[in-house]
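S.K.: quick one, fold the following:
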Amino acid sequence: MTVKSRLQLSLKTAERFREFSKKNNTNQSETLDLMLDFFEKNNLSPFETLVPSKVSLEQLIKKRIDAVIAILKNIEKTQTKPGLVMLNLLLEERSIAKPSVVEKKKTPTADGKNQQQLALEISRLEDVLKSTLKDLEYLLEHVEVKGNAFGSDYLKLNIPRTEFEQFKVALKRKI
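M.R.: Prediction:
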């Protein structure tokens, strides 16, 4: 047998608490117990603010995007551009040198095929990068910071679950 006790709360607070309990499908006693346990286990106080501002979260996300862009630019500088420069130099040398009749009849060498494959791979990777950045921008536009009265704030992605699953599948294909 449980002993019942009364708490004096303002009407507005009591209504909010009842709605919160209904949303979590628990009775009011269980909800209050869970909330107190949460504060005690996580060493939190409802009188202190833990809220990172929306601006600081946006700055953090932008820094991470800038880091990804820096990595991609580094890859472009160290891997993609040197290959393109070598390809251009080879093509310039061929156009400067007078080709003999024998060279005109030759089929493209394996080296020429590798260079074409390299150029195709570079353009494919650039397309993948552009589409990935577009997808990331779309997702960031649909992120919303949600306040939490009993803990730290969280981010909510406002897109349908099926659309999110499609993003995951598409990302795995790109990789």
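
S.K.: the residue most central in space within the chain - nearest residue in space that isn't next to it in sequence?
M.R.: By CA atoms, centre = their mean, the chain has its centre lying nearest to residue 136, at 5.8 Å. What sits nearest to residue 136 in space, not counting adjacent residues and going by CB to CB, 6 or more residues apart in numbering, is residue 65, at 7.0 Å. Bear in mind the C-beta positions are built from the backbone N, C-alpha and C, glycine included.

S.K.: gap between the one you found and residue 57?
M.R.: Distance, residue 65 to residue 57, using CB to CB, to the nearest Å: 13 Å.

S.K.: tell me where this structure has helices.
M.R.: Here the chain has its helices, by DSSP state H, at 11-23, 28-41, 54-75, 81-96, 101-105, 110-141, 161-174.

S.K.: where among those helices is average confidence lowest?
M.R.: Lowest mean pLDDT of these: helix 101-105, a mean of 47.

S.K.: returning to that earlier point: surely the residue nearest to residue 136 meets residue 132?
M.R.: No. Counting by CB atoms under 8 Å, residue 132 is not a contact partner of residue 65; they are 11.0 Å apart.

S.K.: what's around the residue nearest to residue 136, how many residues?
M.R.: Counted by other CB atoms under 10 Å, the residues lying close to residue 65 total 14.

S.K.: just residue 115 next, same as before
M.R.: By other CB under 10 Å, neighbour count at residue 115 equals 19.

S.K.: what's the answer for the one 3 residues further on, then?
M.R.: As a burial measure, the neighbour count of residue 118 was computed by other CB under 10 Å and equals 15.

S.K.: chain neighbours aside, what residue packs nearest to it?
M.R.: Nearest to residue 118 is residue 83, by CB to CB, 6+ apart, at 5.3 Å.

S.K.: my guess is that neighbour meets residue 125, correct?
M.R.: No. In this structure, residue 83 is not within contact of residue 125 by CB under 8 Å, at 11.6 Å.

S.K.: send me stretch 2-12 as CSV with only the CA atoms.
M.R.: Provided in CSV are the C-alpha atoms of stretch 2-12 (Å, rounded to 0.1, in the frame of the first residue of the first chain):
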residue,chain,number,x,y,z
THR,A,2,1.4,3.4,-1.0
VAL,A,3,1.0,6.4,1.2
LYS,A,4,0.0,9.5,-0.7
SER,A,5,1.2,13.0,0.0
ARG,A,6,0.3,16.4,-1.3
LEU,A,7,2.7,18.9,-2.8
GLN,A,8,1.8,22.6,-3.2
LEU,A,9,2.3,23.6,-6.8
SER,A,10,1.0,26.4,-8.8
LEU,A,11,-1.8,25.4,-11.2
LYS,A,12,0.3,26.2,-14.3
